[in-house]
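Colleague: Sharing a model that was predicted from the sequence below.
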Amino acid sequence: MSTADNTYQKLFQKMPIPRFTVKPGKEGHFTIQQANELALQYFDIQQNNVNGKEIFDCLGHEQAQHLQQSFEVCIKRKRAVTIQTIPGIAENIRIYGFYITPEIDEKGNIEYLDVIGQMDVADQSILQRERDDALSLLTSIFDVSEVGILVTDHDGNIIRVNESFIRTYGWDRDDLLNQDFSSFITPDERDRLKNSFLEGIKNATRLSGEMRIIRKDSSIASTLFTSGTLELSQNRRFQITTVMDITLRKQMEQSLRIAKDQADSANHSKSLFLANMSHELRTPLNAIIGFSEMMLSETFGALGNEKYKEYLTDVHSSAEHLLEIINEVLDMSKIEAGRIELDESETDVCDMIVSVVRMLDSRAFGKNVTLKVECAKHTPCIFVDHRLFRQILINLLSNAVKFSKPNTTVNTAVNISDENDMIITVEDEGIGISEEKIQQALEPFAQVHDSVGSSEYQGTGLGLPLAKAMIELHGGHLELTSRIGQGTTVLITIPENRILK
């Protein structure tokens, strides 16, 4: 039940006069649809629920017969009739009589009969004052509301409009009254919305949505509207529509969309530029690395002075480091541009970890850092992109070695979680980072300097972000925990669907 229906039921039940509705059937049968508390009390009905029951099953025979005759007169005349008295009723509630009003649909058929008690003159005077007060309250709400309110008839013509609508859209009251409301809607929406409004009042349905209204100065206002149907006596229907101006909000949304499109375009251009520049830089760097390797191996003869060999070693090392940086930038730009594709194959995760540890062993030895691996013999293989997954491990272990203190250990462990995912943990005893800087450490090109001596460690700031992006390409995720001075732990989760049983 909707809020409006619920409110109506509460008002119906708490009315200060007896009221009930009946549905006419065949051969003089009349079924009670609903009855309020005073109606049950007036007719001295002990049943809590009379809905759906025939009047002869709920009332005394004489009372039911009297009502039946009055109902049949009402149906025959198709207009309201009045009952002055009902026989056999105790005067426990002061009722002057009953109005019986037929509710008639558009085809002329009677849907139900509305039976309402008439109070005596004194009670009617009190009720009239209450009605006048309620009408004054509703009129005040209508007039002072900051939201535009329109009342239209069954043809869509405006019969009442509040000050807020006049003030917001610039029209005079005389410009609006008795005019088709749809004529103030932009032409591209006019026919569609007019049909919706007419259907709404015909079927008594609630409408809501957006529409654009033409102001008096010919500018266009974006609005939100809500429309509902008000039913009065004699089958009269009116439509009440509230209109809220959202022009400024729509303009802000448009500005945000444009700004986002521009940012996306700039980001895409940046990624393309980085990809192209990385390619242009890698070609000469590969030549430098290749030629320096040939010279170091003295392929075409001795270099002569040992200093040349020392300098060539530095050239070769620097070129390889620069190529490593360029490859990281290229991978990140491809991921951001959505241009990277996975080349997946069966991979032995333990063998790969051992291979990466061997590659980094000399670097760890130089810092007096021990590399340990815990990987069970029967650890299952995984289905991943071999190159990217190897790069993930290289980035994580390289970071762990780089930020480790001398005479410490870097532990790498592989386990299967309770959810059957594979968890790879890389744990170091390095300088660590503060909790509030963890998110920054996972952003591309961000470098965290909040530990003593942390500024000594140089890099692109791409190691962790690349590892995170690459594992997410596989449907996994990366978690990082750290404490300053105590070390860092990185967990990467490989989903169950990538584990080969």
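Modeller: Looks like it came in fine.
Colleague: Start from the N-terminal end of the chain and give the helices.
Modeller: Using DSSP state H, the helices assigned to the chain run over residues 3-13, 37-42, 55-58, 61-77, 121-144, 163-169, 173-176, 187-203, 247-296, 306-337, 349-366, 386-402, 438-441, 463-473.
Colleague: Tell me how far the longest one lies from the chain's centre.
Modeller: Right, helix 247-296. 31 Å (C-alpha atoms, centre = their mean, to the nearest Å).
Colleague: which helices and strands sit right next to it?
Modeller: With contacts taken as 3 or more C-beta pairs under 8 Å, 6 or more residues apart in numbering; DSSP states H and E, helix 247-296 sits against strand 220-232, helix 306-337. C-beta here means a position set from N, CA and C on the backbone, and glycine is covered the same way.
Colleague: Helix 306-337 and that helix, what's the angle between them?
Modeller: Interaxial angle of helix 247-296 relative to helix 306-337 (axes from the mean of the first three to the mean of the last three C-alpha atoms, to 10 degrees): 150 degrees.
Colleague: what would the helices and strands packed on helix 247-296 look like in a markdown table with mean neighbour count and mean pLDDT?
Modeller: Shown next, in a markdown table, are those (neighbours: other C-beta atoms under 10 Å; pLDDT from 0 to 100):
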| stretch | mean neighbour count | mean pLDDT |
| --- | --- | --- |
| strand 220-232 | 16 | 88 |
| helix 306-337 | 16 | 76 |
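Colleague: now the ones you listed in TSV, with distance to residue 265?
Modeller: Formatted as TSV, the helices and strands packed on helix 247-296 follow (distance: least, C-beta to C-beta, whole Å):
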stretch	distance to residue 265
strand 220-232	26
helix 306-337	12
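Colleague: Residue 167 is nearest to which of those?
Modeller: strand 220-232 (12.2 Å; C-beta to C-beta).
Colleague: Same list (the helices of the chain) but as JSON lines, adding distance to residue 211.
Modeller: JSON lines is the format used below for the helices of the chain (distance: least, C-beta to C-beta, whole Å):
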{"stretch": "helix 3-13", "distance to residue 211": "22"}
{"stretch": "helix 37-42", "distance to residue 211": "43"}
{"stretch": "helix 55-58", "distance to residue 211": "48"}
{"stretch": "helix 61-77", "distance to residue 211": "42"}
{"stretch": "helix 121-144", "distance to residue 211": "21"}
{"stretch": "helix 163-169", "distance to residue 211": "12"}
{"stretch": "helix 173-176", "distance to residue 211": "16"}
{"stretch": "helix 187-203", "distance to residue 211": "6"}
{"stretch": "helix 247-296", "distance to residue 211": "12"}
{"stretch": "helix 306-337", "distance to residue 211": "40"}
{"stretch": "helix 349-366", "distance to residue 211": "59"}
{"stretch": "helix 386-402", "distance to residue 211": "51"}
{"stretch": "helix 438-441", "distance to residue 211": "43"}
{"stretch": "helix 463-473", "distance to residue 211": "42"}
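Colleague: Out of those helices, the one nearest residue 95 is which?
Modeller: Using C-beta to C-beta, the nearest of the helices of the chain to residue 95 is helix 37-42, at 6.5 Å.
Colleague: For the closest one, buried residues please.
Modeller: Going by neighbour count (16 or more other C-beta atoms under 10 Å), the buried part of helix 37-42 is 38-40, 42.
Colleague: So which elements touch it?
Modeller: strand 19-24, strand 110-118.
Colleague: quick one on the thing from earlier: now for the helices and strands packed on helix 247-296, which one comes closest to residue 24?
Modeller: Among those, if distance is taken as C-beta to C-beta, the winner is strand 220-232, at 19.8 Å.
Colleague: Can you list the strands that the closest one pairs with?
Modeller: Applying DSSP bridges to the sheet, strand 220-232 is found paired with strand 207-214 (antiparallel), strand 236-245 (antiparallel).
Colleague: Redo the ones you listed as TSV? Include distance to residue 151 and mean pLDDT.
Modeller: As requested, the strands paired with strand 220-232 are exported to TSV (distance: least, C-beta to C-beta, whole Å; pLDDT from 0 to 100):
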stretch	distance to residue 151	mean pLDDT
strand 207-214	15	92
strand 236-245	6	89
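Colleague: could I get these as JSON lines with distance to residue 414?
Modeller: As requested, the strands paired with strand 220-232 are exported to JSON lines (distance: least, C-beta to C-beta, whole Å):
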{"stretch": "strand 207-214", "distance to residue 414": "55"}
{"stretch": "strand 236-245", "distance to residue 414": "58"}
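Colleague: Please produce TSV containing those, extended by distance to residue 412 and mean neighbour count.
Modeller: Output for these, formatted as TSV (distance: least, C-beta to C-beta, whole Å; neighbours: other C-beta atoms under 10 Å):
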stretch	distance to residue 412	mean neighbour count
strand 207-214	56	16
strand 236-245	59	18
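Colleague: Out of these, which gets nearest to residue 349?
Modeller: Residue 349 sits nearest to strand 207-214 of all the strands paired with strand 220-232, at 53.6 Å, using C-beta to C-beta.
Colleague: quick one: contacts of that closest one?
Modeller: With contact meaning C-beta atoms under 8 Å, 6 or more residues apart in numbering, strand 207-214 is reached by 169, 184-186, 189, 193, 196-197, 200, 220-228, 243, 246.
Colleague: The strands paired with strand 220-232: which one's closest to residue 339?
Modeller: strand 207-214 (37.7 Å).
Colleague: Next, the angle from the closest one to helix 187-203.
Modeller: Using the same axes, to 10 degrees: strand 207-214 against helix 187-203 is 140 degrees.
Colleague: gap between strand 207-214 and the chain center?
Modeller: That offset, for strand 207-214, works out to 22 Å (C-alpha atoms, centre = their mean).
Colleague: Can you pull out the low-pLDDT segments for the stretch 1-150 of the chain?
Modeller: 1-5, 7-8, 47-48, 85, 87-94, 119-128 (pLDDT under 70).
Colleague: change it to 50
Modeller: Scanning the stretch 1-150 of the chain for pLDDT under 50 picks out no residues.
Colleague: Please apply the same query to the stretch 401-501 of the chain.
Modeller: In the stretch 401-501 of the chain (pLDDT under 50), the answer is 452-455.
Colleague: which residues of it fall in strands?
Modeller: Taking DSSP state E, counting those that start in this stretch as the test, the strands found in the stretch 401-501 of the chain are 408-416, 422-427, 477-483, 487-494.
Colleague: Which one of those lies nearest to residue 383?
Modeller: Comparing those by C-beta to C-beta, strand 487-494 comes nearest, at 9.3 Å.
Colleague: Restrict the closest one to CA atoms and write it as CSV.
Modeller: C-alpha atoms of strand 487-494 as CSV (Å, rounded to 0.1, in the frame of the first residue of the first chain):
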residue,chain,number,x,y,z
GLY,A,487,58.3,-3.0,7.8
THR,A,488,55.7,-3.6,5.1
THR,A,489,53.5,-6.5,4.2
VAL,A,490,52.0,-6.9,0.7
LEU,A,491,49.3,-9.5,0.0
ILE,A,492,48.2,-10.3,-3.6
THR,A,493,45.1,-12.4,-4.0
ILE,A,494,44.6,-14.7,-7.1
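Colleague: so how far is that strand off the chain centroid?
Modeller: 31 Å.
Colleague: Contacts made by it with the rest, please.
Modeller: 382, 384, 392, 396, 399-400, 403-404, 408, 417, 421-430, 432-433, 464, 467, 471, 474, 476-482.
Colleague: Now restrict those to buried residues only.
Modeller: 382, 384, 392, 396, 399-400, 403-404, 408, 421-430, 432-433, 464, 467, 471, 474, 476, 478, 480, 482.
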